[in-house]
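Novice: Sharing a sequence plus its predicted fold:
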Amino acid sequence: MQQSCISRRAFVGGLGAACAMPALAVPPPQKKIVGVQLYSLIAYIRKNGLEKALADVAKIGYGAVEFQSLWGKTAAQLKKILDDTGLVACGAHVRTKDFSPERIKATSEFHRTFGNNLLICAGEGNFPRKGQPLDDFLKRLVDYYNKAAETAAQYGCKIGLHNHTTEFDLKMKDGTTYWDYFFSHTRPEVCMEHDVGWTLATGNDPCEQWRKYPHRSITMHARENGGRKMAGKSFDGILGKPAPGYKGVNWAEVSATCDADGVKWWIFECSTHFDSLLAVSESFKFLQRLGRC
């Protein structure tokens, strides 16, 4: 096989020519491959099955999905569904107890089998029981996540936390929010899956969270502001269309901030339109107009 060669003179000359070219001041923003959190389609999946739902998501143009449930499937079955649709797993929501020393190995190995290496907890087990002091609970939770992140890394996985509104509402005795204490005291390896819609609903600036805790987000949740009501009672369906009377997300600023931070995946999620593809489809068009895909 003939090798292609280049002389030292030609190589040095090429360097000189390259150096003479004007430098680009700022690289153009990178398009993101966008995904769907399958909680957005929970009723649709129950009605039509996981296989059809993922095939439909792929037809719309999404490149990935984030699991909220494993739908009774084995790791091999999940891998086949993903392979058949051309999608990849960009994460999964799990329970806090799945990070325990007794479970983390099995949890990591199961997920790695179908191609997922990002395990995010979105609430269950993250909050104190009624009457339990927040300060003591949070200190133990931070220690728990720090140890779990170190162990998960041994099995090729990362762990992290996803926010709703409670993480900004709950405050310690000194006034520090749950959110700020958690990400100020966890290891950098503990990922921040930031949901911009829920953050904005609390009156906080979504972009400020990436500036305060930079380079900790592999994924973000692209959700429109639907206020504080949860689980289908809020209108947070289609991106670019906030609930009536609510301030919409500044998506141009979010885009610039995410690009600067290095966020890899934009994951669309909503709490309404569970039984149809309407929000998923219309939000993909919005993300296209935004230049995300």
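Specialist: Right, received. Where do you want to start?

Novice: for the nearest residue to Asp195 once chain neighbours are set aside, which residues make a bridge with it?
Specialist: Residue nearest to Asp195 in three dimensions, not counting chain neighbours: His221, with 3.8 Å by C-beta to C-beta, 6 or more residues apart in numbering. Quick note: C-beta positions are derived from backbone N, CA and C, even for glycine. Taking DSSP bridges as the rule, His221 bridges to Asp195, Ile267.

Novice: burial measure for His221, as a count.
Specialist: 24 (other C-beta atoms under 10 Å).

Novice: Contacts for stretch 171-184, please.
Specialist: 134-135, 138, 141-142, 145, 161, 163, 166-170, 190, 192, 209, 212-213, 216 (C-beta atoms under 8 Å, 6 or more residues apart in numbering).

Novice: And for stretch 123-135?
Specialist: With C-beta under 8 Å, 6+ apart as the criterion, stretch 123-135 contacts 95-97, 137, 141, 161-162, 164, 166, 170-173, 178.

Novice: So, low pLDDT: which residues of this protein?
Specialist: Low-confidence segments of the chain (pLDDT under 70): 1-32, 229-234.

Novice: ok, back up a step: these two touch, right, the residue nearest to Asp195 and Glu193?
Specialist: Yes: counting by C-beta atoms under 8 Å, His221 touches Glu193, with 6.4 Å between them.

Novice: so what sits against both of the two?
Specialist: His162.

Novice: in stretch 187-198, what's buried?
Specialist: Within stretch 187-198, the residues scored as buried using 16 or more other C-beta atoms under 10 Å are Glu189, Val190, Cys191, Met192, Glu193, His194, Asp195, Val196, Gly197, Trp198.

Novice: Remind me which helix or strand the last one belongs to.
Specialist: In other words, Trp198. Secondary structure from DSSP states H and E places Trp198 in helix 196-201.

Novice: export that helix as CSV, just CAs?
Specialist: Below are the C-alpha coordinates for helix 196-201, written out as CSV (Å, rounded to 0.1, in the frame of the first residue of the first chain):
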residue,chain,number,x,y,z
VAL,A,196,-34.7,25.7,32.4
GLY,A,197,-38.5,25.8,32.5
TRP,A,198,-38.8,24.8,36.1
THR,A,199,-36.0,27.2,37.1
LEU,A,200,-37.7,30.1,35.4
ALA,A,201,-40.9,29.2,37.1
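
Novice: Use 25 as the first number from now on
Specialist: Yes, from this point I'll number from 25; that puts the last item at helix 220-225.

Novice: For it, which helices and strands make contact with it?
Specialist: Secondary-structure packing of helix 220-225 (3 or more C-beta pairs under 8 Å, 6 or more residues apart in numbering; DSSP states H and E): helix 230-236, strand 243-246.

Novice: ok, and which of those has the densest surroundings?
Specialist: strand 243-246 (a mean of 26; mean count of other C-beta atoms under 10 Å).

Novice: Tell me how far the spatially most central residue of the chain lies from Gly184.
Specialist: Nearest residue to the geometric centre of the chain (C-alpha atoms, centre = their mean): Thr243, 3.0 Å. Distance of Thr243 to Gly184, computed by C-beta to C-beta, to the nearest Å: 8 Å.

Novice: Need the overlap of contacts for the two.
Specialist: Joint contacts of Thr243 and Gly184 (C-beta under 8 Å, 6+ apart) are Leu142, Ile144, Cys215, Glu217.

Novice: Since that was my last question, I'll sign off now.
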